[in-house]
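Q: Fold the following, please.
(3 chains)
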Amino acid sequence: MQLLNTLLIGITAGSIYALMAIAFVLVWRSTRVVNFAQAGMALLSTYFGYEAVSRIGSFWVALPVAMIGGALFAALVELILMRLLVKHASSGPIAGVAPIIATLGLLGVIRSVISMIWGGQDLRIVAPISNNGFTINGSTLVFSPLKLLVLVVVAVLLILLTILFQKTNLGLALRASAHAPEIARLSGVRVDSVRTLGWALAGAAGAVAGLFQTVNGNGNFSPDAIDFSLLLVSGFIAAVIGGLDSLLGAVLGGLFLGVTISFVLMYISSGLFFIAPFIILLIVLFIRPQGIIGVKAGRRA
Amino acid sequence: MFILGGVVLYFLSGVVDELRVYQGATIAVYVIAIASIILLTGYSGQVSLGHGALMAVGAYAAAVLRIEFNLPIILCFVAAVLAAAIGGALLGAAAARLSGPYLAGTTLALAIGLPSLANQFAVLGGEQGLLFDVGFPPLALGEEFTQYKWFFWIAALAALISMWVIRNLLNSAYGRAWRAGRGNEVAAQLAGINTARSKVLAFTISAGIAGLAGALLAMTIGTVSPSAFPLALSFSLLTGAVLSGITTLGGVIIGAVVLVAIPEIADVVAHRLGSSESVTTNLPGLIVSGLLILTVLFVPNGPVEQHRARKAKHAAQHTSSKKKDKH
Amino acid sequence: MKALNRRKLITASAVLAIVGLAATAIPAQAAEVGVSSTQIKLGMTLPMTGTASLGYNKIPGAAKAYFDYLNANGGINGRKVTLVVKDDRYVPTEAVAKTNELILKDKVMALLAPLGTANVKAVASSVNPARRGVPVLFVNTGFSGFADIKKYKTTYTVLPSYVMEAKIMGQYIKENFAGKKIGLLYQDDDFGTDALAGFKSAGTNFTIKVPYASGSQTAAAAAGWITKFKAAEVDVVILFGVSSATSAMLGVAAQLKYAPQWMLGSVGGDATTIKLTGVPAGVLYNAIGFSPVPATTDMKDEYVKFFSDIYAKAVPGSPFDLNVLLGMNTAFMTAQALKAAGPRPTRKSLMAAIDSKGATFANSALVPAGYSKTSHVGLTGYWVGKYSPTGDLSPIGGTYVTYTTDSGSGPVVKSTYKRPAMPAKGLPN
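A: Numbers count the residues shown, from 1 in each chain, chains lettered A, B, ... in the order given. Got it, this is the predicted structure:
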């Protein structure tokens, strides 16, 4: 029983990390940038969702609202911030660090602005379906209709996005714009627009992650909530473990991270909460520096 | 140059009030920490999101030795440098296998995971931390010589020495090797530089310096605990390095001062505007983050470098126009 | 020529520096810091925002509500008491920075009710209020170490220590749950270590102890804790964590239909705070809780009625809970200390007043305070209560039965303390 529950806890947590990891991978695949503000955008989208819920009253409306809001905001960021970054800071020693720092700065700005507009206190979004555990043979599992929903959503998103990337012309354009922008341009691909689209998709994925992370907890969220810091770090680590290049890797990385942490906390010590992700990451990267489904970067002379 | 700086600081600590002196000590700590980032990221091209953790290693080493063996403070600081350097060497060796975002991810996880390791070992004091007491200022300096002035003197002296050492390192063959490896690794290897070793060396030295900064930080707050080294600290160091100019050692003072001064200025501004509670609390964070974005966009190589580039451009235009006249 | 100029410059600077240092060595002539003819300034640091702030961020509003009432009724010998509050987000380094501002910039007379063991410790070693002679009044933490008068010369506790609470809990378990399996959830720092020491002294045997890293208390983590407790098949679960941990635990327990006999520590046991996070009131029903001050719903108690009336007028719409009651109680005690410090209060006279008269200060607690020249320890005990179907804590059987003990190996005894009546109009006399 304990074993099963540990596994279930891990899968649930991991599926939300997977959503975040998908967002990171989408941004990386379309613009070769790690967007540290991703969790901040997820947070902002959650606030959009909250506004929708308080006005309209339905979570099912709030979800698409948050996704669209997240997508639009992410697109805006790409249009303004990233384009400027490429123009001003793509040479010299700063080039490697610039996007990291810019997105870190953006994270801080988003958090501060959210606090200024909505205040720092806890707000609440109630889950749309029950988060009470399923009861089988008298014992209650750490698995509920809500958690099942999260898994389903992750699976659906993964399938849809994979189809987009692998089977459509748009997906081809997305991949080309990231790996070989000049050639893509020559082929008539509107590289800049396609990049923006990549960010928009990531924004939407992040929004889902933020909303589910919130309702899967006790529904409370605030700018400083631990949940979003966790989302940032675990999502990023999950993406790295999975190998930043693959959506499937992101999901696998997320699930792997979630389940492993759950087992460590359950069977070794629950005080290892902050150390476990680090150790897991080290071990994975030691064995496979490019991540589970990563592609080893070739030497470019 | 450095001696003059030392004298000026000596003079300053005498006439400024205690809060400023305390802030001065904090600025000195940031100067050292930011310099370590400039060395690693600006000169050697490697990104670390976890220098806060390396500072923690140095701080804990110093504190543990002080408590367990009651070593004189100088030795504790030396131990801090060595311990952190060893950590840096290990990290550097791991970093050699990782690139870009993978390195960033590892250092990020390190920043979060390492400090909380202290909770697992009783000797490291757990969450409440260890006391780090550098002792009172020697009586020879007089009764009125406050604890904070003493902190400031120690930190400022350490900063001056560190800057001198780093400056010399950057101008040496090592520094040139780092810059070569940063620019084009293959070309550097063709030129005979062992880039892998050079990179690990950069990490080691950078970590050692960060460890010293960590021990000094512990001195100013009197305790070493995991919460003294949050993720935000690592991000602040990166911020400070960008604000200073990621390749400009001389600019560190700018970054350090900004990091300490901004919260206070923002506080004043917010109160002057008489705005609501939520604005006042968040304005400092907003200003610092906003400043970071603006700097990276418009002054990416730092104010000093930008200024030099502009002067060079002017000089070039000037000489080319002169040349035109000659024809 | 250049070398000579440089040397001259250095010499000049050195002379100036020495003169400058000498100038600052002349002590300034000053009235007591933080006290003017019209005002007494006090400073407070605590988490107003962030994870740990849940519930505690109402304390400044509560204290100010009492001080405003006091000021409207003449203040302290004509001086108005003002409170400067700074947010330290429960981070010790920020507590140090903010406390420095309070002492050096805002120039407060004393520090009032700083919150958090790690924070108070960091401030003690860095800012060193003991060396500066700054009183640290009624610290908002139950860490037993602060009773060490040599180490914390100017610090006064008020809350019973975690060791005392654990011992009383242990005694109650021995009397009522003998032979049952007991589980403990505790915070992975010296807040938790203090509790463990108390339980050891009481001889409590735990079937399972689950630590949590401070800052990690999310609902997902709670699911893990519950799974552990379930596997160990415990009958009683003691929640000795902060409010956010307790809330997470109880909220998830409801979802997983896990209902052992709960026992809540007072730090995280405020029912109003817990319910605000969405925990159904029914989960708390029949849980056991502890408090040194009267139940917050006990309107028959003159202090509760008095304080809640003032608070309702000062902060309308905000529920009156344990954090508010404790905050106002501390402010009330502070007012008496300031009054007893004399017509020209100084930091020294303030502390002397608490040393000599503190044990007799009127306050709402149902247990005695232990201040004396050799002890800075405040309250020393708790009454045991059960949570009602609406989730409010009230004494078992309707009457308060209080227990007192010490932070050492002394026994737990039933207290015969009779609380003196509240002074007229709730003002210090």
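
Q: What segments of chain B are strands?
A: Along chain B, counting by DSSP state E, strands occupy B:130-131, B:223-224.

Q: just those strands: most buried one?
A: Compared across those, strand B:223-224 shows the largest average neighbour count, a mean of 29 (mean count of other C-beta atoms under 10 Å in any protein chain shown). All C-beta atoms are positioned from the backbone trio N, CA, C, and that covers glycine.

Q: hmm, that strand touching chain C?
A: Yes - using C-beta under 8 Å from any C-beta of the partner chain, strand B:223-224 reaches chain C at B:T223.

Q: which strands and helices sit next to that strand?
A: helix B:51-69, strand B:130-131, helix C:117-126 (3 or more C-beta pairs under 8 Å, 6 or more residues apart in numbering or on different chains; DSSP states H and E).

Q: In CSV: those, plus mean pLDDT and distance to A:I279.
A: Below are the helices and strands packed on strand B:223-224 laid out as CSV (pLDDT from 0 to 100; distance: least, C-beta to C-beta, whole Å):
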stretch, mean pLDDT, distance to A:I279
helix B:51-69, 88, 14
strand B:130-131, 68, 23
helix C:117-126, 84, 25
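
Q: Would you format the ones you listed as a markdown table with distance to B:E185 included?
A: A markdown table is the format used below for the helices and strands packed on strand B:223-224 (distance: least, C-beta to C-beta, whole Å):
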| stretch | distance to B:E185 |
| --- | --- |
| helix B:51-69 | 23 |
| strand B:130-131 | 41 |
| helix C:117-126 | 44 |
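
Q: hmm, back to that, I'd like the strands of chain B laid out as CSV, including distance to B:A215.
A: Shown next, in CSV, are the strands of chain B (distance: least, C-beta to C-beta, whole Å):
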stretch, distance to B:A215
strand B:130-131, 12
strand B:223-224, 9
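
Q: what does the stretch 101-250 of chain A put close to chain B?
A: Checking the stretch 101-250 of chain A against chain B by C-beta under 8 Å from any C-beta, the hits are A:101-102, A:104-109, A:111-113, A:115-116, A:119-120, A:229, A:233, A:236-237, A:239-240, A:244.

Q: Is chain B within reach of the longest helix along chain A?
A: Identified as the longest helix of chain A according to DSSP state H is helix A:2-31. Yes - using C-beta under 8 Å from any C-beta, helix A:2-31 reaches chain B at A:W28.

Q: contacts for stretch C:164-172?
A: C:142, C:144, C:194-199, C:201-204, C:238, C:240, C:263, C:265-266, C:288, C:290, C:380-382, C:384, C:403-407, C:412 (C-beta atoms under 8 Å, 6 or more residues apart in numbering or on different chains).

Q: For chain C, give me the ranges with low pLDDT.
A: C:1-30 (pLDDT under 70).

Q: picking up where we left off before, closest one to B:L190 among the helices and strands packed on strand B:223-224?
A: helix B:51-69 (31.3 Å; C-beta to C-beta).

Q: hmm, stretch C:273-283 touching chain A?
A: Yes - Stretch C:273-283 reaches chain A (C-beta under 8 Å from any C-beta) through C:276-279.

Q: Distance-wise, check A:P181 relative to A:L170.
A: 16 Å (C-beta to C-beta, to the nearest Å).

Q: what about the residue nearest to C:R132 when sequence neighbours are not counted, which SS state?
A: Spatial nearest neighbour of C:R132, chain neighbours left out: C:I103 (7.0 Å); criterion: C-beta to C-beta, 6 or more residues apart in numbering or on different chains. Secondary structure assignment for C:I103 (DSSP: H, G, I helix; E, B strand; the rest coil): helix.

Q: List the contacts of C:I103.
A: With C-beta under 8 Å, 6+ apart, C:I103 has these contacts: C:43, C:111, C:127, C:129, C:132, C:134.

Q: In ChimeraX, how would I select just the buried ones from these?
A: To isolate the buried members of those in ChimeraX, using 16 or more other C-beta atoms under 10 Å in any protein chain shown:
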select /C:43,111,127,129,134
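
Q: What about the contacts of C:I103, which are in helices?
A: Using DSSP H, those in helices are C:129, C:132.

Q: can you count the residues close to the residue of the stretch 51-200 of chain C found nearest chain A?
A: When scored by C-beta to the nearest C-beta, the stretch 51-200 of chain C has C:D188 as its residue closest to chain A, at 4.5 Å. C:D188: 25 surrounding residues under other C-beta atoms under 10 Å in any protein chain shown.

Q: What spatial separation is found between it and A:G217?
A: For C:D188, the distance to A:G217 equals 20 Å [C-beta to C-beta].

Q: re earlier: make TSV from the helices and strands packed on strand B:223-224 and add distance to chain A to it.
A: Output for the helices and strands packed on strand B:223-224, formatted as TSV (distance: least, C-beta to the nearest C-beta, whole Å):
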stretch	distance to chain A
helix B:51-69	9
strand B:130-131	18
helix C:117-126	16
